[in-house]
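Novice: my questions are about this predicted structure, shown below with the sequence.
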Amino acid sequence: MAQLWGGRFTKETDELVYRFNASISFDQKFYEQDIRGSIAHVKMLAKQGILTEAERDQIIEGLEGIRVDVEEGTLHITEEYEDIHSFVETKLIERIGDAGKKLHTGRSRNDQVALDMKLYTRDEIKALDELLKDLLEVILQIMKQSTEVYMPGFTHLQKAQPITLAHHMGAYFEMFKRDRLRLKDIRARMNLCPLGAGALAGTTYPLDREYTAQLLEFDGPTLNSMDSVSDRDYLIELLSAMSTMMMHLSRFSEEVIIWNSNEYQFVDIDDAYSTGSSIMPQKKNPDIAELIRGKTGRVYGALMSLLTTMKGIPLAYNKDMQEDKELVFDAIDTTKECIALFTGMLRTLKFHDKRMEDSAKHGFTNATDAADYLVNHGIPFRDAHGIVGRLVLYCIEKNISLDEMSLAEFQAISPAFEEDIYDAISMKTCVEMRNTIGAPGKQAMEAVIAQEEAYLSGK
Ligand code: ARG
C-alpha cells in the first residue's frame with residue numbers, strides 16, 4: 001500500500017478499506033493529464049519564486065520521463081498505489097529525490113483531480129466531436145446521392161406522405177449537428193482552471209492562477225475555490241449530451257433494424273456489420289444496431305447515477321465525487337465506440353431504392369396529393385378528403401395502388417378527375433411540389449445540402 005498521508009495514523013489501513021477507497025484501477029486513465037497539470041503547476045511555482053529554476057527543470061524532466069516510460073510500457077501503473085496522483089509523485093521522488101517532494105507545494109489532490117478530470121474531459125470532447133463530424137460526412141454523402149430516391153415518410157409507423165431518402169437522412173443530420181453544438185457549449189462553459197483552489201480555500205502561497213490557466217489553455221481561473229473542487233456540473237452536462245447522442249443513434253439503429261427486416265427490405269446491412277444465428281442458417285442479424293440501441297441504457301444510467309451522487313453533497317469536496325470517474329469514462333468510451341461503429345455500418349449500408357419507392361406507392365402516401373388535386377379542381381377540401389377515402393377503399397378491395405386505377409374507375413368515383421391525375425399523384429410530383437425550406441423537394445433539399453456542406457467545411 002502506497003499512500004501519501006500516513007503521518008497522523010497509528011494503524012495500517014485495513015486491506016478491504018484500502019481497496020474500497022483506492023481509485024488507481026480507473027484514474028490511471030488520466031496519467032497523461034495528471035502529468036501535464038503538474039508540469040504547468042511547477043512552471044508557475046518557479047515563476048513565483050516558490051521553487052528554483054533548477055528544481056523546476058529537474059521535476060519537469062522527471063515527470064516527462066515517467067510519461068514516456070508509461071507510454072512505452074516500461075513503467076507499469078500498479079495497484080499498490082492509492083491513486084494516479086500518488087503513483088506519479090512516488091515515482092518522481094524515487095527518480096529525482098528531494099526535489100520531487102516539492103511538487104505538491106500549494107496544491108491538494110482536490111484541485112488536482114478537478115483539473116485532471118477537466119483536462120481529460122476536454123480531450124474527449126474533441127474526440128467525440130471528430131467522430132460526430134465523420135458521421136455527418138457519411139450522412140451528407142448519402143443525402144447528395146438520394147435527392148430522387150423516393151420512399152414513404154411515416155407517422156405512427158404508418159406510411160404517411162412520400163419523401164426522399166435524402167430528406168430522411170437530413171433529419172439525422174440535424175440531430176447530430178445539434179449534438180456537436182452541445183459539445184461546443186459545454187466546452188466553452190467548463191473551460192476555467194480549478195488549479196490553485198487547494199483543498200477548498202486556496203493557499204497561502206502567492207500562486208499565479210492566471211498563469212497556470214493560460215499554460216493549460218483555459219480561458220482563465222475559476223472564481224470560487226470551494227466550487228472549483230466540488231463542481232461536477234460539466235460532467236453531468238456531458239453525460240446528458242452523450243445520452244442525447246445515444247438516443248439519436250438508438251433511433252437511427254431502430255430504423256436500420258426495421259428497414260433491414262424481411263418485411264421491409266429497404267436496406268441490406270453489410271456482412272461485416274451483421275452476425276449469424278447458431279441454429280437458424282438463413283439468418284443475418286442486425287446485432288451491431290441492436291447493441292448500439294441497447295448500450296443507450298448504460299449511458300442514461302451514468303447520467304442518473306451522477307445526478308443522484310451529487311444531490312446531497314455539502315460543500316466542498318467529499319469522497320462521493322470519486323464516483324464520477326468510472327461512470328464518465330465508461331459513458332465516453334461507450335458513446336465513442338457506438339458513433340464509430342454506427343458510422344461504419346451506415347457507410348456500408350446498401351439501400352434498395354426500388355423497394356422504397358414501391359412501398360411508398362402501395363401505401364397510398366399520395367392520397368393527400370389526390371385530395372389537393374380535387375381542391376385545385378374546385379372541390380372543397382372536406383369533400384375531396386371523403387372522395388379520396390373512397391378511392392383508397394376501392395384500391396384496398398382490389399389490392400392495387402392509386403396510380404393503377406383506370407381513368408374510368410377514377411371518374412366513376414368523381415367526374416372531376418382527368419387524365420392529368422396520374423402525373424399529379426406520381427411520387428416524383430408529390431415530392432417535387434414540396435419545396436418550402438426544409439421540405440423534401442429536390443430544389444429545397446439541394447439548398448439545404450449546400451448549407452450543410454458549407455457548415456462541415458467550417459465556412
Ligand atoms: N481519487 C480522488 C477522486 O477521484 C482524488 C481526490 C482525493 N482527495 C481526497 N481528499 N481524498 O476524487
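Specialist: Received it, and whenever you're ready, just let me know what you need.

Novice: buried residues in whichever strand or helix holds residue 338, which are they?
Specialist: Assigned by DSSP states H and E, residue 338 belongs to helix 324-347. The neighbour-count check on helix 324-347 (16 or more other Cβ atoms under 10 Å) flags 324-329, 331-332, 334-336, 338-339, 341-347 as buried. (Glycine included, C-beta is placed from N, CA and C.)

Novice: quick check: mean pLDDT of it?
Specialist: The average pLDDT for helix 324-347 rounds to 98.

Novice: point out where this structure drops to low pLDDT.
Specialist: 1-2, 5, 10, 459 (pLDDT under 70).

Novice: please redo it, this time with the cut-off set to 90
Specialist: The model of the chain has pLDDT under 90 over residues 1-15, 274-284, 361-363, 459.

Novice: what residue lies at the spatial centre of it?
Specialist: Central residue of the chain (Cα atoms, centre = their mean): residue 245, 3.8 Å from the mean position.

Novice: that one belongs to a helix, doesn't it?
Specialist: Yes: counting by DSSP: H, G, I helix; E, B strand; the rest coil, residue 245 is found in a helix.

Novice: distance of it from the ligand?
Specialist: Using Cβ to the nearest ligand atom, to the nearest Å, residue 245 is found at 25 Å from the ligand.

Novice: in PDB, list the C-alpha atoms belonging to the helix holding residue 338.
Specialist: Extracted C-alpha coordinates of helix 324-347, given in PDB (Å, rounded to 0.1, in the frame of the first residue of the first chain):
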ATOM      1  CA  ASP A 324     -17.800  10.400 -11.200                       C
ATOM      2  CA  LYS A 325     -14.800   8.700 -12.900                       C
ATOM      3  CA  GLU A 326     -15.900   5.200 -13.700                       C
ATOM      4  CA  LEU A 327     -19.300   6.400 -14.900                       C
ATOM      5  CA  VAL A 328     -17.900   9.100 -17.100                       C
ATOM      6  CA  PHE A 329     -15.100   7.000 -18.500                       C
ATOM      7  CA  ASP A 330     -17.500   4.200 -19.400                       C
ATOM      8  CA  ALA A 331     -20.000   6.500 -20.900                       C
ATOM      9  CA  ILE A 332     -17.400   8.300 -23.000                       C
ATOM     10  CA  ASP A 333     -15.900   5.000 -24.200                       C
ATOM     11  CA  THR A 334     -19.300   3.600 -25.000                       C
ATOM     12  CA  THR A 335     -20.500   6.600 -26.900                       C
ATOM     13  CA  LYS A 336     -17.300   6.900 -28.900                       C
ATOM     14  CA  GLU A 337     -17.400   3.300 -29.800                       C
ATOM     15  CA  CYS A 338     -21.100   3.400 -30.800                       C
ATOM     16  CA  ILE A 339     -20.600   6.500 -33.000                       C
ATOM     17  CA  ALA A 340     -17.600   4.900 -34.800                       C
ATOM     18  CA  LEU A 341     -19.400   1.600 -35.300                       C
ATOM     19  CA  PHE A 342     -22.600   3.300 -36.500                       C
ATOM     20  CA  THR A 343     -20.700   5.400 -39.000                       C
ATOM     21  CA  GLY A 344     -19.000   2.200 -40.400                       C
ATOM     22  CA  MET A 345     -22.400   0.500 -40.600                       C
ATOM     23  CA  LEU A 346     -24.000   3.400 -42.400                       C
ATOM     24  CA  ARG A 347     -21.200   3.900 -44.800                       C
END
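
Novice: so how far is that helix off the chain centroid?
Specialist: In terms of Cα atoms, centre = their mean, to the nearest Å, the centre of helix 324-347 is found 7 Å from the chain centre.

Novice: next SSE downstream of that helix?
Specialist: Assigned by DSSP H and E, the successor of helix 324-347 is strand 350-351.

Novice: helices or strands up against that following strand?
Specialist: Using 3 or more Cβ pairs under 8 Å, 6 or more residues apart in numbering; DSSP states H and E, the elements in contact with strand 350-351 are strand 267-268.

Novice: note down every partner strand of the strand it packs on and its orientation.
Specialist: strand 350-351 (antiparallel) (DSSP bridges).

Novice: name the residues that touch the strand it pairs with?
Specialist: Contact with strand 350-351 is made by 142, 146, 149, 165, 266, 267, 268, 270, as judged by Cβ atoms under 8 Å, 6 or more residues apart in numbering.

Novice: which among these gets closest to the ligand?
Specialist: residue 270 (41.8 Å; Cβ to the nearest ligand atom).

Novice: ok so residue 151 is a strand residue?
Specialist: Yes: with three-state DSSP as the criterion, residue 151 is part of a strand.

Novice: what does this protein put close to the ligand?
Specialist: Within reach of the ligand by Cβ under 6 Å from any ligand atom, the chain has these residues: 23, 27, 83, 109, 110, 113, 317, 319, 321, 322, 325.
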